[in-house]
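A.B. asks: just to be clear, the model below is a prediction. Sequence and coordinates:
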Amino acid sequence: MREPLDPTADGLVTHDAWSNAAAQASAVELPSLQTFSSELPSESTSWRSDLPAARTLVRHTLSVGALAAGLIEHIGWQIARGGGDGSTVVPLGEWALGLARNLGGAVGVGFALASVVMLVPRFRKRPLRAASAAFTFGVAGFLGFLSFLLSLAP
């Protein structure tokens, strides 16, 4: 068994390697914070970096919301038709009008929630993120409520 301070060839190589690495590491110059100060976004342009993300979130919310509103309307028509004459054919014009009403209500609730969030001073630091997230929660909440009401139908 070797002692920790045993002057064998392996120990010397390891010790020399560590001493060389330490000497090289001390010679490395770290950049100062002043070199990065020009790359940091200023307060006036920080909200612009959120614009693509906010657009994408609103676009995806609207497309998934339209799909959910159409599905809710279709299931509602199936429930309404199931108790009557037994026909399961959904009239396309009335279905499209119901889809537009469902999606319009969801978008209205989403805009209202986004407007309320914009009044809260805490969310003004990143306004587009806060507004788009509130819009998404409003749309999802309204369509979720419609789904809950639909589940209560006999």
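C.D. replies: It's in. Numbering: from 1, shown residues only.
A.B. asks: may I have the phi/psi pair for the residue lying closest to Gly76 once chain neighbours are set aside?
C.D. replies: With sequence-adjacent residues excluded and distances taken as Cβ to Cβ, 6 or more residues apart in numbering, Gly76 is closest to Leu150, at 6.0 Å. (Each C-beta comes from the backbone N, C-alpha and C, glycine too.) Phi and psi for Leu150, reported as degrees, to the nearest 10, are phi -70, psi -30.
A.B. asks: and Val139, how close does it get to Thr56?
C.D. replies: Distance, Val139 to Thr56, using Cβ to Cβ, to the nearest Å: 15 Å.
A.B. asks: who's more crowded, those two?
C.D. replies: Between Val139 and Thr56, counting by other Cβ atoms under 10 Å, Val139 is the more crowded of the two (27 against 11).
A.B. asks: helices and strands of this protein: which one has the lowest mean pLDDT?
C.D. replies: helix 33-36 (a mean of 50; mean pLDDT, DSSP states H and E).
A.B. asks: other SSEs contacting the next helix or strand after that helix?
C.D. replies: Next along the chain after helix 33-36, taking DSSP states H and E as the criterion, comes helix 51-82. On a contact count with 3 or more Cβ pairs under 8 Å, 6 or more residues apart in numbering; DSSP states H and E, helix 51-82 meets helix 92-119, helix 127-151.
A.B. asks: mind listing what's buried along helix 51-82?
C.D. replies: Under the neighbour-count criterion of 16 or more other Cβ atoms under 10 Å, helix 51-82 has 54, 57-58, 61-62, 65-66, 68-70, 72-73, 76-77 buried.
A.B. asks: and if you look at stretch 108-128?
C.D. replies: Buried, per 16+ other Cβ under 10 Å, within stretch 108-128: 109-110, 113-114, 117, 123, 128.
A.B. asks: I'd like the residues you listed laid out as TSV, including pLDDT and distance to Val89.
C.D. replies: Putting those into TSV (pLDDT from 0 to 100; distance: Cβ to Cβ, whole Å) gives the following:
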residue	pLDDT	distance to Val89
Val109	96	31
Gly110	96	32
Leu113	95	37
Ala114	94	38
Val117	92	42
Phe123	81	47
Leu128	88	44
